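# I would like the atomic coordinates for the input below:
(2 chains, ligands or ions: 2)
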Amino acid sequence: MKPVSANITDAVGQATIVSGSHRGLLDKIFLGLSIRNYLGQLLTNPVNWILGLILAIGIPLLCQRYLFGLQAITHGSQDYPWGILLGFGLFGMVPLSASGFLLSTTVEIFRRDDFLPIERLALLNGLLGYFFAVVFLLVDLGMPWRLTYPMVVSFGPAAVLFLVAWHVATYLSVQIAEMLPAVSEWADWPGLKRFIKKITLGLTIAGIILSTLHQGALGALFCYAPAKIHPLWIAPEFQWLHFFVSSIFAGLCMVIVVSWLVKHTMTWRCDRRYLSTLDGITLGLAKGAALAMITYLVIKLVAVAHDQEWLLLISGWGLYYLLELGLGTVVPLVIFAYGVRHSRVTMVRWGALLAVAGIVWNRLNTVLICYNYRLHQEIPYWKELWVVLTVLGFYFIVYRFILYRIPVLFRWRQ
Amino acid sequence: MRAKISRRTLLKGLVAAMASTISMAPSRKSSAHDFQGYETNRGVLVDVSRCVGCRSCEVACSREHGLAPPPGLVDNYRLLDQQQQGMRRTDQNAFTVVNRHESPLLTHPLFKKTQCNHCLEPACLTACFVNAYTKTPEGAVIYDADVCVGCRTCMVACPFSIPAFKYDSAFAPQIMKCNFCFDTRLSRGRPPACVEACPMEALTFGYRNDLLRVARKRIRDTPGRYEKAVYGEFEAGGTSWLYISPVPFEQAGFDIHVPRQPILNYVKDFLAVVPMVLTIWPGLFAGIYLLARANKTHKNTNDHEDVSDETSER
Ligand code: SF4
Ligand code: SF4
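Ligands and ions are numbered 1, 2, ... in the order given. Okay, here's the model as predicted:
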């Protein structure tokens, strides 16, 4: 590992000196390495071996899905129309990708320039999260080739999913626009950056509106099944708020986790500004997340009180519910409170990881485990799980590819 | 100075936004009426006490719709026996299924036919984001496979868990569900195939309003024979298929957790939030932006080379 990244560092180091002049596109893509060196460096990285293994099994599974239908890779359950593909891929990925709108709001609207070093990472995390949520959809939809039907062919405007479709599509374009400045620096198109800068405020506000609505809408989708989901996980009046507020700390915690990973695995790619400010930023993000967590816990409580569900809390499901809230929200909250107070950054990072897992757990509970709780439980087919892993593999590869190149963790030197 | 002016314009915008939201509120209320369904809505009354579990309706249905013949016909009783472990449900090969249920109140088993209930305010229809479902004036809830995307929200939404998905098809998957024999029969005023096939007259076809009357009359005329309620009169906002049963409905295999109001009512809360967010958020956040910017410029003029460096770079 070490010598490889050192190798790239050198290459990049040299390259940045020449930057601004005529760096060829190939140079930019291969990080200034020769193609042979680049491939060699890929092969010696053990992470790539694991990815290779995942894809080697996963790609044939994907082919199977498109040739023989969903039945080939899932249980094709009539009782559980949404499996782990959507439960994780859509309902889990989208809250974790709220980072983009949160940090752009912090920096562009609240003018908190101290969060500037991490803004682009948050934006990228958001963009890729949404993009791959759509990829998950393309795997799971019965007729993926009709993905655009709700936009162009046939409209069901009173349906919650209609909102989700439109908002995710629009927001995806907003996020692409928000990432363009970074791309324009990399590709040397200054005009583009100037243009986007002019409309940044508009983009950011559009991002806030669209995010509020579709994060909430994902929750409201479950209001269609008020009697099928265990009452502790569904509160028709509050469901959209639960999903929206939890997406706030989900997004913030995801940025904490990603920025932490990147700091350790791509140190060579981070500039001094990023490395030196990250700890402070992490604590700042944790503070914000903690506030959202408190709000979340309060409205969760309000929902239980409103529906008079106190007695349910002492049933088996109730304990499971408390376990989810406890491990997924209360423990991270306590960790954040302590960690921020005593500046224990590493501790805060572990707390964020726990919160991220907690959100995914909550979404899986709503979609799968507590859905149709009076019927049998659906245990996903291993092939479905592997396909989830495969799409995540692609996610990782694209994420890393971009971080290595586009100025996200560092500032482009002119 | 500039910030001040824009703050004032912004305030105006905010007020306008709020006003428009408030003015929208009453119109929303007046349009929310109680939909009672079409006068012409046909239905079927199912008398659970008359069904003997012969499953002729299943056979007629699969023949009518060109589906695979139902399983276990030769050994009908054995199949109905096995169901004690797990009830059969409608799926891609069966638009209707008959299940056997034991009630502690009776010495003999009961049989209940399940199929789409053709709700007055169908959850499947309201949940579908491409409008693949239609409620016809005759009362049938029909589905158009040509626009369906395969998201399966309708399956999640249907409170009776009726729609099924053809998971085993890669190129032409679709939702599979009873359509009240709309194309072949109902549109011409004829009863569906299952009703015609029933040898016990357990199924009665007619206008829903008439059927409700028939049901009540049967309950009244034979005291003690039926539960004093019609399943489907209010369930999920009312359904075209109605049931009367000799035992409490949960003992005859009915889902009594189905809410009594249309499923759509549960999402209305959220749908009402949408215009508010759309109108209030822009003003609100633009305002915060202006305040924050004014603050920042103020700070920058003091000193803070660092920050001004950052801002100019952006
Ligand atoms: S029973 Fe289910 S599928 Fe049939 S109309 Fe009602 S909601 Fe739709
Ligand atoms: S599966 Fe088809 S019919 Fe059902 S909600 Fe989705 S698009 Fe509509």
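# C-alpha only now, for contacts and for neighbours.
OK.
# Could you look up the SS state of A:Ala227?
coil (DSSP: H, G, I helix; E, B strand; the rest coil).
# Quick check: it vs ligand 2, distance?
Using C-alpha to the nearest ligand atom, to the nearest Å, A:Ala227 is found at 18 Å from ligand 2.
# What are the phi and psi values at that residue?
Note on A:Ala227: its backbone torsions stand at phi -100, psi -10 [degrees, to the nearest 10].
# what's the spacing between it and chain B?
6 Å (C-alpha to the nearest C-alpha, to the nearest Å).
# hang on, isn't that residue packed against B:Ala157?
No - using C-alpha atoms under 8 Å, A:Ala227 is not in contact with B:Ala157; the gap is 9.8 Å.
# Between the two, tell me which one has more neighbours.
B:Ala157 (28 against 21; other C-alpha atoms under 10 Å in any protein chain shown).
# Do you have the strands of chain B handy? List them.
Assigned by DSSP state E, chain B shows strands spanning B:42-47, B:97-101, B:110-114, B:133-135, B:141-143, B:164-165, B:175-176, B:203-207, B:241-244.
# from the chain's centre, how far out does the third one sit?
I take that to be strand B:110-114. 21 Å (C-alpha atoms, centre = their mean, to the nearest Å).
# What strands flank that strand, and is each parallel or antiparallel?
Sheet pairing of strand B:110-114 (DSSP bridges) gives strand B:97-101 (antiparallel).
# what residues does the partner strand touch?
B:53, B:55, B:58, B:80-81, B:83-84, B:87-90, B:109-115, B:251-253 (C-alpha atoms under 8 Å, 6 or more residues apart in numbering or on different chains).
# and if we set it to 7 Å?
For strand B:97-101, the external contacting residues (C-alpha atoms under 7 Å, 6 or more residues apart in numbering or on different chains) are B:53, B:55, B:58, B:80, B:83, B:87-90, B:109-115, B:252-253.
# Now the buried members of the residues you listed.
B:53, B:55, B:58, B:80, B:88-90, B:110-115, B:252-253 (16 or more other C-alpha atoms under 10 Å in any protein chain shown).
# out of those residues, who's nearest A:Met151?
Nearest to A:Met151 among the buried ones among the contacts of strand B:97-101 is B:Thr90, at 31.0 Å by C-alpha to C-alpha.
# Isn't the closest one up against B:Ile162?
Yes - counting by C-alpha atoms under 7 Å, B:Thr90 touches B:Ile162, with 6.0 Å between them.
# for chain A, longest helix please?
helix A:272-306 (DSSP state H).
# any idea of the mean pLDDT for it?
The average pLDDT within helix A:272-306 is 93.
# Report all helices and strands that it contacts.
The contact analysis (3 or more C-alpha pairs under 7 Å, 6 or more residues apart in numbering or on different chains; DSSP states H and E) places helix A:272-306 against helix A:239-265, helix A:331-341.
# quick one: buried residues of the longest one?
By that I understand helix A:239-265. Neighbour count says helix A:239-265 has A:239-257, A:259-260, A:262-263 buried, by 16+ other C-alpha under 10 Å.
# quick one on the thing from earlier: need the helices and strands packed on helix A:272-306 in CSV (columns: mean pLDDT and distance to B:His65).
As requested, the helices and strands packed on helix A:272-306 are arranged in CSV below (pLDDT from 0 to 100; distance: least, C-alpha to C-alpha, whole Å):
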stretch, mean pLDDT, distance to B:His65
helix A:239-265, 94, 40
helix A:331-341, 95, 55
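# between these, which one is nearest to A:Leu364?
So among the helices and strands packed on helix A:272-306, helix A:239-265 is nearest, using C-alpha to C-alpha, at 12.7 Å.
# how far out from the middle of the chain is that closest one?
On C-alpha atoms, centre = their mean, the centre of helix A:239-265 falls 7 Å from that of its chain.
# and the angle from it to helix A:331-341?
50 degrees (axes from the mean of the first three to the mean of the last three C-alpha atoms, to 10 degrees).
# what's helix A:239-265 packed up against?
Counting by 3+ C-alpha pairs under 7 Å, 6+ apart, helix A:239-265 packs on helix A:93-96, helix A:99-104, helix A:190-220, helix A:272-306, helix A:345-364.
# Tell me which helix or strand comes right after the second one.
Reading on from helix A:99-104 to the C-terminus, the next helix or strand found by DSSP states H and E is helix A:116-140.
# Next, the buried residues of that next one.
Buried residues in helix A:116-140 (16+ other C-alpha under 10 Å): A:116-137, A:139-140.
# And for stretch A:189-199?
A:193, A:196-197.
# So which of those residues is the closest to A:Cys270?
Nearest to A:Cys270 among the buried residues of stretch A:189-199, with distances taken as C-alpha to C-alpha, is A:Lys193, at 21.6 Å.
# Enumerate every residue touching the closest one.
Contacts of A:Lys193 by C-alpha under 7 Å, 6+ apart are A:180-181, A:184.
# circling back to that earlier point, okay, the helices and strands packed on helix A:272-306 in a markdown table with distance to ligand 2 next?
Output for those, formatted as a markdown table (distance: least, C-alpha to the nearest ligand atom, whole Å):
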| stretch | distance to ligand 2 |
| --- | --- |
| helix A:239-265 | 20 |
| helix A:331-341 | 37 |
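# can you tell which of those helices is closest to B:Ala123?
Nearest to B:Ala123 among the helices and strands packed on helix A:272-306 is helix A:239-265 (18.1 Å), distances taken as C-alpha to C-alpha.
# what angle sits between that closest one and helix A:345-364?
Going by the same axes, to 10 degrees, helix A:239-265 makes 140 degrees with helix A:345-364.
# the inter-axis angle of helix A:239-265 versus helix A:272-306?
Using the same axes, to 10 degrees: helix A:239-265 against helix A:272-306 is 150 degrees.
# can I get the helices and strands packed on helix A:272-306 in JSON lines with distance to A:Leu90?
Listed next are the helices and strands packed on helix A:272-306 as JSON lines, based on distance: least, C-alpha to C-alpha, whole Å:
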{"stretch": "helix A:239-265", "distance to A:Leu90": "13"}
{"stretch": "helix A:331-341", "distance to A:Leu90": "23"}
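# And for B:Tyr231, nearest residue in space, chain neighbours not counted?
B:Tyr243 (5.0 Å; C-alpha to C-alpha, 6 or more residues apart in numbering or on different chains).
# any idea how far A:Leu67 is from B:Val214?
Note on A:Leu67: its distance to B:Val214, by C-alpha to C-alpha, to the nearest Å, is 51 Å.
# One more: B:Ser103?
In terms of C-alpha to C-alpha, B:Ser103 sits 25 Å off from B:Val214.
# Near A:Met179, how many other residues are there?
21.
# Any buried residues in the strand or helix carrying A:Leu39, and which?
Assigned by DSSP H and E, A:Leu39 belongs to helix A:35-43. Of all the residues in helix A:35-43, those buried under the rule 16+ other C-alpha under 10 Å are A:38, A:41.
# overlap in contacts of B:Thr90 and B:Ile162?
Between them, B:Thr90 and B:Ile162 share the contacting residues B:Gln115, judged by C-alpha under 7 Å, 6+ apart.
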